[in-house]
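Visitor: below are the sequence and a predicted model; questions follow.
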Amino acid sequence: MKSIIAKVMIACGGLIAVFGGMGLNSEGDAGFILAFKITAVGLTIAGAGVILNKLKERETFDNHTLSH
């Protein structure tokens, strides 16, 4: 179940980062700052998903090696 949640977090975070990245070349400073914040949030969510996925893989690996 953690693997599915991690993959969804990575996908959603990537989508949010792309959405924010599209606004990074906006004209005003306020638009740039907002786009930068959206991109940062998206990358944070995607990063959390990657970490969660790595932890799940490590747990599965540890359980497999301990049982043999």
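Guide: All right, it came through fine. Numbering: from 1, shown residues only.

Visitor: burial measure for A46, as a count.
Guide: Around A46 there are 19 other residues, counting by other C-beta atoms under 10 Å. The C-beta positions use only the backbone N, C-alpha and C, and glycine is treated the same way.

Visitor: tell me which element it falls in.
Guide: helix 29-67 (DSSP states H and E).

Visitor: what packs against that helix?
Guide: helix 2-22 (3 or more C-beta pairs under 8 Å, 6 or more residues apart in numbering; DSSP states H and E).

Visitor: now do the helix it packs on: everything it contacts.
Guide: Helix 2-22 has contacts (C-beta atoms under 8 Å, 6 or more residues apart in numbering) with 35-50, 52-53, 55-56.

Visitor: just want the angle from that helix to helix 29-67.
Guide: Counting by axes from the mean of the first three to the mean of the last three C-alpha atoms, to 10 degrees, helix 2-22 lies at 160 degrees to helix 29-67.

Visitor: tell me the buried residues in the worst-scoring helix or strand of the chain on mean pLDDT?
Guide: None of the helices or strands of the chain scores lower by mean pLDDT, DSSP states H and E than helix 29-67, at a mean of 80. By neighbour count with 16 or more other C-beta atoms under 10 Å, helix 29-67 contains the buried residues 35, 38-39, 42-43, 45-46, 49, 52-53, 56.
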